[in-house]
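Participant: no sequence on hand, only this structure:
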């Protein structure tokens, strides 16, 4: 289907609020997500910011069962140069793990709303969460610089907070409960992944 574009998204509220990259859903008429089990859900676009490459979706599907809590949290402080990171995403139909490190505290051309990371990434990884070793989200995988081999950029996690603030300004009835604490601190990586993967989705734009 030439109208289809894939990416990754992840829950920021167990009741069905997700974050992905703006460029994954910007031109979509409809957006569906699927999890590692192959379960599909329809979503609605709530917010899109092309400058920070952040979009917020809401699952609008009666078949979705809300999660009581999320295992990870958002890190709002700056990450450190050389800090180990990892991501889960959907560059293919099954969920894929990759790891690397923070290689620069700014993005392309010194963009202060992004990091540069050294990590394997393909188009379907766009919108995926970037975790530190404590299971805190430091960013959202945004894109790959085609002119520089291995240069991958992520939108800062604080851009998610800014997107939520914008949503609240537009709708006073909106209530998104962000996870405040990571239960993954000190947990071995394989177990971290097992707890995270049910919160990460393949995003399909049509």
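Facilitator: On my side now, so go ahead. These numbers come from a predicted model, not from an experiment.
Participant: strands of the chain, start to end?
Facilitator: 5-13, 17-20, 31-34, 40-49, 54-59, 73-74, 84-89, 96-104, 114-118, 129-132, 136-144, 152-156, 200-205 (DSSP state E).
Participant: so which of those gets nearest residue 180?
Facilitator: Closest approach to residue 180 among these is made by strand 73-74 (6.0 Å; C-beta to C-beta). (C-beta placed from N, C-alpha, C; glycine too.)
Participant: now do the closest one: everything it contacts.
Facilitator: For strand 73-74, contacts defined as C-beta atoms under 8 Å, 6 or more residues apart in numbering pick out 12, 135-137, 157, 160-161, 178-182.
Participant: just the buried ones from those residues?
Facilitator: 12, 135-137, 157, 160, 179, 182 (16 or more other C-beta atoms under 10 Å).
Participant: could I get those as JSON lines with distance to residue 193 and pLDDT?
Facilitator: What follows is the buried ones among the contacts of strand 73-74, written out as JSON lines (distance: C-beta to C-beta, whole Å; pLDDT from 0 to 100):
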{"residue": "12", "distance to residue 193": "19", "pLDDT": "98"}
{"residue": "135", "distance to residue 193": "10", "pLDDT": "96"}
{"residue": "136", "distance to residue 193": "15", "pLDDT": "98"}
{"residue": "137", "distance to residue 193": "14", "pLDDT": "98"}
{"residue": "157", "distance to residue 193": "19", "pLDDT": "96"}
{"residue": "160", "distance to residue 193": "21", "pLDDT": "97"}
{"residue": "179", "distance to residue 193": "17", "pLDDT": "92"}
{"residue": "182", "distance to residue 193": "14", "pLDDT": "97"}
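Participant: and for residue 82, the neighbour number?
Facilitator: Residue 82 has 9 neighbours, counted by other C-beta atoms under 10 Å.
Participant: so it touches residue 102, yeah?
Facilitator: Yes: with contacts counted by C-beta atoms under 8 Å, residue 82 reaches residue 102, the gap being 6.4 Å.
Participant: quick check: the farthest pair among the contacts of strand 73-74?
Facilitator: Counting by C-beta to C-beta, the most remote pair of the contacts of strand 73-74 is 135 and 161, 18.0 Å apart.
Participant: quick one: low-confidence residue ranges for the chain.
Facilitator: Applying pLDDT under 70 to the chain flags residues 1-4, 144-150, 172.
Participant: tell me the buried residues in the top helix by length along the chain?
Facilitator: Ordering each helix of the chain by length in residues (DSSP state H) puts helix 158-170 first. Buried residues in helix 158-170, counted by 16+ other C-beta under 10 Å: 158-160, 163-164.
Participant: and the contacts of it?
Facilitator: By C-beta under 8 Å, 6+ apart, helix 158-170 touches 12, 19, 46-47, 49, 52, 54-56, 74, 76, 113, 137, 140, 174, 176, 178.
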